[in-house]
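Colleague: Starting from these lines, generate the structure:
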Amino acid sequence: MANLNKTIDRAATISRDVAARLERRVRKALAIYGRRTQEARAQHAEQASRAWTPWDLWREGAEYAVDFGQRSALFWDTLRQRGNAYIEHERAGKPPLLAYQYEMLSDGRKFEHPVNYALVRIVAPVGIATDEALRPFIIVDPRAGHGPGIGGFKADSEVGVALLAGHAVYFVIFFPEPEEGQTLADVVDAEAEFVRMVGERHPKSAKPVLVGNCQAGWAVMLLAASRPELVGAIVLNGAPMSYWSGNDGENPMRYAGGLMGGAWSSLLASDLGAGKFDGAHLVQNFENLNPSNTFWGKYYHLWENIDTEPERFLDFERWWGGYYLLNDEEIRWIVNNLFVGNKLAAGEAKLGPGRFFDLKSITSPIIIFASMGDNITPPQQAFNWIADVYRNSDEIKANGQTIVGLVHEDIGHLGIFVSGAVAKKEHAQIIEVLKYIQQLPPGLYGMDIHEAVGLDGATAYEVSLVERKVEDVRHLQKGDRMDEKPFEAVAAVSELTERAYELLVRPMLREMVPEWAAKTARAFHPLRAQRWMFSDKNPMLAGLPYLAFSARSGRKAASESNPLRKREKLASDLITASLDLYRDLRDAAREAAFYQIYGSLVSLQVADQRAEIRRDAKFDPRQVLAVRQVLETLEDGDLQEGLTRMALLLAKEGGGTRELSQMARAREILAPARGIKPMSEDEVRRLLHEETIVTEFEPERARQSLPRLIRTREERKIARAYLDRVESGLPLNDRQRALLSDFRERLPAPAKVRAAARKVRQRARHTAPR
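Modeller: Okay, here's the model as predicted:
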C-alpha cells in the first residue's frame, strides 16, 4: 500500500511539473508575440499618423500597384524556374551540386558489396595550387534526405578554404537510390576503402583529415572506430552524436521519435515506399521546425528583393529540392541505434554480428564545431557523447585522446555549412589548428577565435586552445541531463511497437504496395509536387515567362519610403510573429505531451538506478592497464622522451591556454634538426600520449627522472640549448621560469658551457616577450 501511495504521489508530482512547465512556456510565447507585434506597429506608427492628400494617395498607390504587379510576376516566374531546375536535376540523375570540377576515383557500386557511394577528387581551380606534402582532406556530406554538395556549395565553403590552404581535397558523394541489399556495414567498409586509397595517393603526407557534416559525423566516427589506423584527424561539423540531449523549450526535434511511438513509423514509411525510405520525409521534418520561414519568410524575402534575390534562391533550392532514398535496413538501423536508441555513445551500436563500436578506440584527434543557434543539432547533441564515453578529463588523457570544441554563438544549422563568413573564419581556423593538433597533448580543449586588425588593415584571427574539463560539457545542458531519463522509456516502448507492427501489419502491407505505387506516392509528396506542378509542365503557366519578361523590361520599383510598402512590411512582420507563436505553442504542447506520457515512475526509477550505478563506479585512471604500464616504466627512454617531458611540464605550468602562434613557434624550437629525430604521425601521438600520462599523474617523478633520460654530455648540451631557446623564444610566467631553473639544476653542464649559457640567459631576460 505504501508503495502504491508513493507511486501515485510521484505520478501526481510529474503531472504538476509538466502542467507548470507548459503554463510557463505558453505565457512566455504570448509575451514574445505581444512584444514583437507592439514593436512592429511602433516602427510604422509615424506613417499611420501622417496626413495624406488625395494626390498623395493616388501617386503612392499607383507606384505601389505597378511595383506589386511586377514583383508578383517575377516572383511566380522564379518559382517556375525552380520547378524547371528540379525537373532538369532529376533527369540528369541528381549529380552532386558542387561548385568545383571533380573526377571520380572509385565507384562503390562496383565493389564486391555494392553501395551507392563514390570517391571523387576536387580539381583545384586555375590559380590555386595544392601541396602533395600537406595532409589531404576527405569531406563527407550527410545522407539525410538531400544530395551531396553542401560542403562545396560555393567558393567560400569547406572545400574552398581547404584548397586555398594548399590541401588536396576529396569528396565522398552518393547516388539517389541505394544498391540492392546495401547495408550500413557495407557503407562503412566502402568509406574505409576510400580513405585507404587517398592515403596511398599521398605517401609523403600525414594521414587524411575526415570531415563529417551533420549526419555524416556519426558515420565518420564509426569508420574511425573500426579502422583507427587509417585516419589522421576528424572534424565534426554540426554532427549529432547524443540524440537524447538538448534543452527544454529549445530543441523540439528530439521528442519526435517518442511522440510517434518509436521506430515503427519509419518502417511504415519504408513499406509504403516498397522497401525504400523517402528522404523527403526527413527534409519535411526540418521544414516543420520553423513554419514561419517555410511557409512565409523565405518566399516573402524573395518577393521583397525580387531584383537581387532569385539567383541565390534558385541555387539553394536546387540543392534543397534534391531528395534521395535510403533502403529499409539503413533507416531502421539509424532510427533504432541513433534517433531513438542513442546507442552509439554507450558502445551498444553494432553493424552486424560482433561488429560493435567503441568510441574510445578512436586514436585520432577530434575537432567538434557546433552552434548555440542550431536547433537541429544543438551543442548538447554534438558534445554530450564525451561525457557519456569519458567519466572525467583524466580518462580522456589516459586514453590518449585529444578533443577540441568550437561553439558559434548564433549561426543556424545550415549556416554552419553554407555561410561564407563561417567558412572564412571558423572553417579556415580549424584548418590552421589541424596543422599543430598532432603536437597537442591528450585532453579536452575549447577553441577560441579572436578577431584583430592586421598590419594591412584586413581582419586577422588569433586562435587559443584552453584546456577544459568534462564537467564543462555537462554544463551545456540545463538540469544535469535529468530530462533525458524519459527517453529510456521511449526506447523500450519503441521495441514493443516495432515488434507489434512487424507481426500484425508489415506482412500484409508489403504485399499491397507495388513499386509503381511507391514511385507515384513519392512523386506526389508535397515537397516534390510543389516543384513539378509549378514548372513548364503546367500548361496554365505558358504565359508566365512573357509576363515576367515584360515586368523585367519595364521594371519600376516603389521607393522604400512608399507608405504602402511599409504597410506591406508591417503585415509581413505580423504574419511572421503569428506563425512563430503557433510554432512555440505547438512545441510547448508536444513537449508537455512527451513528458506526461514517458515521464512515468517506472522509467524514472530505472534511470535513477542507472545514475546511482554510475555514481558508485568511481574511476581511477591509474588502474587503466596502459597508464600502469607507462608509469611503471617512466624512467625508461632517452633524449626524445626527456625533451617532450620538459615541454609538457612547462605547458602545464602555463595555465592551460595555448596560443596557436606560440604553438607554431614551439614547433620551430622542437625542430628535428635541433635534437629530436624525425617521427611519424603515429609515433608523435604515442609519445605525447605516454608523456602526458607521466606529467599528469606523476609530475614530481617526471622531473626527477630527467637525469636518467638525458644522460650523456652531448644530450644535456642539446637539452640545455633547447631550454635556452624556449626561454628566449616564448613568453613565460614566473612558474615556468622557475621550472626552467629546476631543469637546469637537474641537468648540469660543464663549466665552460654553463658560463656561455649564463650569458645567453642574461640577454634573454632583457629581450624575451612578456
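Colleague: So what does G347 have for phi and psi?
Modeller: phi 80, psi 20 (degrees, to the nearest 10).
Colleague: For the stretch 451-600 of the chain, which residues score under the pLDDT cut-off?
Modeller: Applying pLDDT under 70 to the stretch 451-600 of the chain picks out residues 454-457, 479-480, 600.
Colleague: Would you confirm that G212 belongs to a strand?
Modeller: Yes: per DSSP: H, G, I helix; E, B strand; the rest coil, G212 lies within a strand segment.
Colleague: What separation do you get for it and Q429?
Modeller: As judged by Cβ to Cβ, to the nearest Å, G212 and Q429 stand 18 Å apart. Bear in mind the C-beta positions are built from the backbone N, C-alpha and C, glycine included.
Colleague: Looking at the two, which is more packed in?
Modeller: G212 (27 against 19; other Cβ atoms under 10 Å).
Colleague: Give the full set of residues in contact with the residue nearest to that one when sequence neighbours are not counted.
Modeller: The shortest distance from G212 to any non-neighbouring residue, by Cβ to Cβ, 6 or more residues apart in numbering, is to V220 (3.4 Å). Counting by Cβ atoms under 8 Å, 6 or more residues apart in numbering, V220 touches V140, E191, L210, V211, G212, I234, L236, A239.
Colleague: Please tell me how far V220 sits from A529.
Modeller: Relative to A529, V220 is positioned 34 Å away (Cβ to Cβ).
Colleague: next one: A192
Modeller: 39 Å.
Colleague: More neighbours: the two, which one.
Modeller: Shown here are A192 and A529; by other Cβ under 10 Å, A192 has more neighbours (17 against 11).
Colleague: does the more buried one sit in a helix or strand, and which one?
Modeller: A192 is part of helix 184-201, with elements assigned from DSSP states H and E.
Colleague: got it, and V407?
Modeller: In this structure, V407 sits in strand 402-408 according to DSSP H and E.
Colleague: counting contacts, what elements does that strand pack onto?
Modeller: With contacts taken as 3 or more Cβ pairs under 8 Å, 6 or more residues apart in numbering; DSSP states H and E, strand 402-408 sits against strand 366-371, helix 379-389, strand 443-453.
Colleague: from the middle of its chain, how far away would the first one be?
Modeller: Looking back up the chat, that one is strand 366-371. Offset of strand 366-371 from its chain centre (Cα atoms, centre = their mean, to the nearest Å): 5 Å.
Colleague: Mind giving me the packing neighbours of it?
Modeller: strand 233-237, helix 379-389, strand 402-408, helix 415-418, helix 428-436.
Colleague: now could you export just the CA positions of the last one as PDB?
Modeller: Read that as helix 428-436. Output in PDB follows, covering the C-alpha atoms of helix 428-436 (Å, rounded to 0.1, in the frame of the first residue of the first chain):
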ATOM      1  CA  ALA A 428      39.700  28.400 -42.000                       C
ATOM      2  CA  GLN A 429      40.900  28.500 -38.400                       C
ATOM      3  CA  ILE A 430      40.000  24.800 -37.900                       C
ATOM      4  CA  ILE A 431      42.400  24.100 -40.800                       C
ATOM      5  CA  GLU A 432      45.100  26.200 -39.000                       C
ATOM      6  CA  VAL A 433      44.600  24.200 -35.800                       C
ATOM      7  CA  LEU A 434      44.900  20.900 -37.700                       C
ATOM      8  CA  LYS A 435      48.500  21.900 -38.600                       C
ATOM      9  CA  TYR A 436      49.500  21.700 -35.000                       C
END
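Colleague: What lies in contact with it?
Modeller: Under Cβ under 8 Å, 6+ apart, the answer for helix 428-436 is 135, 161-162, 164-165, 167, 209, 233, 235, 367, 369, 404, 406, 447, 449, 461, 463, 465, 660, 663-664, 667.
Colleague: Name only those of those residues that count as buried.
Modeller: With neighbours counted using 16 or more other Cβ atoms under 10 Å, these contain these buried positions: 135, 161-162, 164-165, 167, 209, 233, 235, 367, 369, 404, 406, 447, 449, 461, 463, 465, 660, 663.
Colleague: circling back to that earlier point, partners of the strand holding V407, with directions?
Modeller: Using DSSP bridges, the strands paired with strand 402-408 in its sheet are strand 366-371 (parallel), strand 443-453 (parallel).
Colleague: related to what we said a few turns ago, who are the packing partners of the helix holding A192?
Modeller: Packing partners of helix 184-201 (3+ Cβ pairs under 8 Å, 6+ apart): strand 102-107, strand 117-122, strand 137-140, strand 169-174, helix 216-226, helix 328-334.
Colleague: after the lowest-mean-pLDDT helix or strand in the chain, next one along is what?
Modeller: The weakest-scoring helix or strand in the chain, judged by mean pLDDT, DSSP states H and E, is helix 601-616 (a mean of 47). Once the chain leaves helix 601-616, the next helix or strand it forms, by DSSP H and E, is helix 625-632.
Colleague: buried residues in that following helix?
Modeller: For helix 625-632, a neighbour-count test (16+ other Cβ under 10 Å) marks V627, V630 as buried.
Colleague: which residues are in contact with the helix or strand that that helix is followed by?
Modeller: Once helix 625-632 ends, the next helix or strand along the chain (criterion: DSSP H and E) is helix 639-652. Contacts to helix 639-652, defined as Cβ under 8 Å, 6+ apart, come from residues 441, 658, 666, 670, 675-677, 679, 687-688, 690-692, 694-696, 699, 702-703, 705-706, 709-710, 715, 718-719, 722-723, 726, 732, 736, 739-740, 743.
Colleague: Now stretch 717-727 - C-alpha only, CSV.
Modeller: Output of stretch 717-727 as CSV, limited to C-alpha atoms (Å, rounded to 0.1, in the frame of the first residue of the first chain):
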residue,chain,number,x,y,z
LYS,A,717,74.1,20.1,-24.2
ILE,A,718,71.2,19.7,-26.6
ALA,A,719,68.7,19.8,-23.8
ARG,A,720,70.1,23.0,-22.3
ALA,A,721,70.3,24.6,-25.7
TYR,A,722,66.6,23.7,-26.1
LEU,A,723,65.8,25.3,-22.7
ASP,A,724,67.7,28.5,-23.7
ARG,A,725,65.6,28.7,-27.0
VAL,A,726,62.4,28.2,-25.0
GLU,A,727,63.4,31.0,-22.6
